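# Mind folding the following:
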Amino acid sequence: MSISKEHREELVNYWLEKAEESIQSASSEIRNDRLSFAINQLYYALFYSMSAILTAKGDSYSKHSGVRSALHRDFIKTGKIDKKVGRLYDELFNARHQADYTPLVEFDKEIIKDQYSDVKETYKTMQLVAREILA
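Alright, predicted model coming up:
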């Protein structure tokens, strides 16, 4: 089933807004030393940003692993998005899994602050990519 360009634009905007909310939430979680929650929100900011790109292309995936695979296959390997984004996505994918499912796991606040900065920058890039695909 194909969807109209207008509906895709609406969905892309939805995913980008969710990504922005996750970035804002991560900032709050970092300030309050709730690092596992910060990791979760940083990962979701990237996941939602990537969902925006995939929606712009007319693709959708029901699993996180599908989104991750599409990122690497369609954007990292082709050079459309820098390899460092793929590494960041993978780091946060794994860290989120640890944060959600591993008891007593601890995270380094300085590393998370760096990841936060990287996610904010990556969000801007992914936002541009999504807009270019829609154009």
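# For this structure, which element, helix or strand, carries the lowest mean pLDDT?
Least confident helix or strand, the chain: helix 64-70 with a mean of 92, by mean pLDDT, DSSP states H and E.
# Can you give the distance from that helix to the centre of its chain?
Chain-centre distance of helix 64-70: 11 Å, with CA atoms, centre = their mean, to the nearest Å.
# Can you work out which other helices and strands pack against whatever helix or strand comes next after it?
Moving toward the C-terminus from helix 64-70, the next helix or strand (DSSP states H and E) is helix 83-101. The contact analysis (3 or more CB pairs under 8 Å, 6 or more residues apart in numbering; DSSP states H and E) places helix 83-101 against helix 35-57, helix 64-70, helix 109-134. Where C-beta positions appear, they are placed from N, C-alpha and C, glycine not excepted.
# got TSV for those helices, with mean neighbour count and distance to Ala95 too?
Formatted as TSV, the helices and strands packed on helix 83-101 follow (neighbours: other CB atoms under 10 Å; distance: least, CB to CB, whole Å):
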stretch	mean neighbour count	distance to Ala95
helix 35-57	24	5
helix 64-70	15	13
helix 109-134	17	8
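# Could you tell me the least trusted of the ones you listed?
Lowest mean pLDDT within the helices and strands packed on helix 83-101: helix 64-70, a mean of 92.
# C-alpha coordinates for it, PDB please?
This file holds the C-alpha atoms of helix 64-70, laid out as PDB (Å, rounded to 0.1, in the frame of the first residue of the first chain):
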ATOM      1  CA  HIS A  64      14.100  -2.200  16.000                       C
ATOM      2  CA  SER A  65      16.500  -4.600  14.300                       C
ATOM      3  CA  GLY A  66      14.900  -3.800  10.900                       C
ATOM      4  CA  VAL A  67      15.400  -0.100  11.400                       C
ATOM      5  CA  ARG A  68      19.000  -0.700  12.400                       C
ATOM      6  CA  SER A  69      19.700  -2.900   9.400                       C
ATOM      7  CA  ALA A  70      18.100  -0.400   7.000                       C
END
